[in-house]
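S.K.: structure for this input, please:
(one chain, ligands or ions: 1)
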Amino acid sequence: MLIAGNWKMFKGSHEARQFATAIRHLPERARGVDVVVCPAFTALEATLAGLGEQSAIRVFAQNVHWELEGAFTGEVSAPMLLELGVKGAIVGHSERRQLFGETDATVRLRAEAALEAGLAVIACVGETEAEREAGEMQHVLERQIAPFPQHERLVVAYEPVWAIGTGRTATPEMAQEAHALIKSLHDAPVLYGGSVKPENAASLLAQPDIDGALVGGASLDGTAFEAICLAASQARA
Ligand code: PEP
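M.R.: Here you go, the predicted structure:
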């Protein structure tokens, strides 16, 4: 089970460091759960410092560029992340796809370069509400997943766009159906994302093809994030 907290554009370095210190022992209570946090670029170093050397929590970035260095204003490369002690990166988050012009082609470049450099990758897929209503979910997932390389450090996150930050969650059955489809297309663990909270985590994580969660809003609160990690620990106990 993997529980990853995506802090999005929340928590500056001061707050991130304090929060990281507060949650650093969480994996000792949430047995069997691989815990990841994904701060903003500016808070990566502070988060690592707050966790300290002993914590089993891994720190991932929210994005990564495909070139090692160069004239790419506003981007950050895999070697820059590795130098800090960052262990992985999210690629293809729906907010990147919808708001910043990310495409299947650029997501592929980011995933391949990150894996090549030694980072782990959480590669996000998911249909919009209009696509689901038009019966295109399978087609969209097939198109988004096709570019992902087969790699032991790649994890897929299924995040239906209509469920992200909206408070609307896919039912456990809807999520299970999508996860089973994704697993038939790609041999990788699949996380569910989209308004995961302490109240719905256990029923989602009980589904056989749900291998963890990518958590946005609820990961910003220490108590809620801990409750989700404990639910994950119990789901496969
Ligand atoms: C996310 O950011 O990946 C996410 C799923 O957000 P939320 O949990 O807030 O819906």
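S.K.: give the other helices and strands that the host helix or strand of Thr47 contacts.
M.R.: According to DSSP states H and E, Thr47 maps onto helix 44-51. For helix 44-51, the packing partners by 3 or more Cβ pairs under 8 Å, 6 or more residues apart in numbering; DSSP states H and E come out as helix 13-23, strand 58-61, helix 78-84. Backbone N, C-alpha and C define where each C-beta goes, glycine included.
S.K.: so which of the ones you listed is the most surrounded?
M.R.: Stretch with highest mean neighbour count among the helices and strands packed on helix 44-51: strand 58-61 (a mean of 23; mean count of other Cβ atoms under 10 Å).
S.K.: can you confirm whether it lies near the ligand?
M.R.: No - using Cβ under 6 Å from any ligand atom, strand 58-61 never reaches the ligand; the gap is at least 12.0 Å.
S.K.: for Ala202, list the residues it contacts.
M.R.: Counting by Cβ atoms under 8 Å, 6 or more residues apart in numbering, Ala202 makes contact with 231, 234-235.
S.K.: for the residue in the chain that the ligand sits nearest to, which non-adjacent residue is closest in space?
M.R.: Across the chain, the shortest distance to the ligand (Cβ to the nearest ligand atom) belongs to Gly216, at 2.1 Å. Spatial nearest neighbour of Gly216, chain neighbours left out: Asn6 (5.0 Å); criterion: Cβ to Cβ, 6 or more residues apart in numbering.
S.K.: that neighbour: how many residues sit nearby?
M.R.: 26 (other Cβ atoms under 10 Å).
S.K.: quickly list what it is bridged to.
M.R.: Cys38 (DSSP bridges).
S.K.: Glu177 is nearest to which of the helices and strands packed on helix 44-51?
M.R.: Among the helices and strands packed on helix 44-51, strand 58-61 comes nearest to Glu177, with 27.3 Å by Cβ to Cβ.
S.K.: so what's the gap between the closest one and the chain middle?
M.R.: Chain-centre distance of strand 58-61: 10 Å, with Cα atoms, centre = their mean, to the nearest Å.
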